[in-house]
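S.K.: Sharing a model prediction with you, sequence too.
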Amino acid sequence: QVQLVESGGGLVQPGGSLRLSCAASGMIFRVSDMGWYRRAPGKQRELVATITRGVNTNYTDSVKGRFTISSDNAKNTVFLQMNSLNVDDTAVYYCNARLALLSTPLIINDFWGQGTQVTVSS
């Protein structure tokens, strides 16, 4: 019904930058909000950033001032610009979309991407 395709992960040195992208496609009626979560080795998944209706943003404290979330609403795509990366940012990053399907326009569902690895290492 819905596919989330992520791209942009990789290996970067401390202090470097990466840009993640996630495009949602399928039988979408309306996207409520999109976001990024991450799971570091041995830790639980945590919220990184979300964006609602392409305007309102929310960040976890550890990335404020370094990461920026944005979206292209026409393309149902969300981006995460990550600057000043450090080793603690190493994780698998997952895209999340909360959206309504064409078949059930009044119900908001959660969809997840397959994850993209971000490794910060010298």
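M.R.: Nice, I can see it.
S.K.: Next one: Asn96 relative to Asp33, how far apart?
M.R.: According to Cβ to Cβ, to the nearest Å, Asn96 stands 8 Å off from Asp33. Any C-beta I mention is one placed from the backbone N, CA and C, and that applies to glycine too.
S.K.: list the residues that contact both of those two?
M.R.: Taking Cβ atoms under 8 Å, 6 or more residues apart in numbering as the criterion, Asn96 and Asp33 both touch Thr50.
S.K.: how long is stretch 97-105 from one end to the other?
M.R.: One end of stretch 97-105 sits 15 Å from the other (Cα to Cα, to the nearest Å).
S.K.: Let me see the mean pLDDT of it.
M.R.: Stretch 97-105 shows a mean pLDDT of 93.
S.K.: Now do it: everything it contacts.
M.R.: Outside stretch 97-105, the residues that reach it (Cβ under 8 Å, 6+ apart) are 1-2, 4, 22, 24, 26-34, 76, 78, 106-111.
S.K.: Can you flag which of the residues you listed belong to strands?
M.R.: 2, 4, 22, 24, 26, 28-34, 78, 108-111 (DSSP state E).
S.K.: For this protein, which segments are assigned as strands?
M.R.: Under DSSP E, the chain gives strands at 2-7, 10-12, 18-26, 28-39, 46-52, 56-59, 67-72, 77-82, 91-101, 108-112, 116-120.
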